[in-house]
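Peer 1: Sharing a model that was predicted from the sequence below.
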Amino acid sequence: MIKKLMPDRMFNSYRDITPEILSGLGIKALLLDIDNTLVTYDDPDPTDEVTAWLKQMNESGILTAFVSNNSDPSRVERFNKSLGYFAVSRAKKPLPNGFRRALEYMKVDACNAASVGDQIFTDVWAAKNVGAYAFLVPPIKDKTTLFFKAKRFLERPIIKKYKSKNQK
């Protein structure tokens, strides 16, 4: 079970993921979480920084799609309005269907794709369920509800194991 939850790579921010890193891994597409990965829950639109990063990816031949668990489709639609990428809301990650839809749309095999997200039990697990790389970034501004605190608590041992394994 721990293999299904272990990220393949951890980054300090989505901005640290470069076309060169992706190319070296054979990655042709990114499956991107929105909330707390690219922007906070409070940011309805992509920031200039996010837009520039996405442009860099696309100019380098990396395809992008948004796969969000957000239950409000208008949230994802508004975020994507100026960008125009393929987007899935209510993805129900860690179930693989949202990722599969995006991969099918982009015509990319899962082994040539990576998920970028801030949660192990949704983003990482969903990537592993389809056979994609799983990239984990820390949450930008975490929610303080009991549910999220519990999830972050349960993520700690996995992150600790990842770090001990990858510091050698």
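Peer 2: That came through fine. Numbers count the residues shown, from 1 in each chain.

Peer 1: and the gap between Phe66 and Ser164?
Peer 2: 32 Å (C-beta to C-beta, to the nearest Å). C-beta coordinates here come from the backbone N, C-alpha and C atoms, glycine included.

Peer 1: In terms of neighbours, single out the busier of those two.
Peer 2: Legend: neighbour count by other C-beta atoms under 10 Å for Phe66 and Ser164, higher for Phe66 (26 against 9).

Peer 1: Tell me which stretches of the chain form helices.
Peer 2: 2-5, 19-25, 48-59, 73-81, 97-106, 125-130, 146-166 (DSSP state H).

Peer 1: any weak-confidence spans in the protein?
Peer 2: 1, 143-144, 168 (pLDDT under 70).

Peer 1: Surely Asp109 and Leu103 touch.
Peer 2: Yes - between Asp109 and Leu103 there is a contact at 7.3 Å, judged by C-beta atoms under 8 Å.

Peer 1: coming back round to it: please identify the deepest-packed of the helices of the chain.
Peer 2: Ranked by mean neighbour count, the helices of the chain are led by helix 125-130 with a mean of 24 (mean count of other C-beta atoms under 10 Å).
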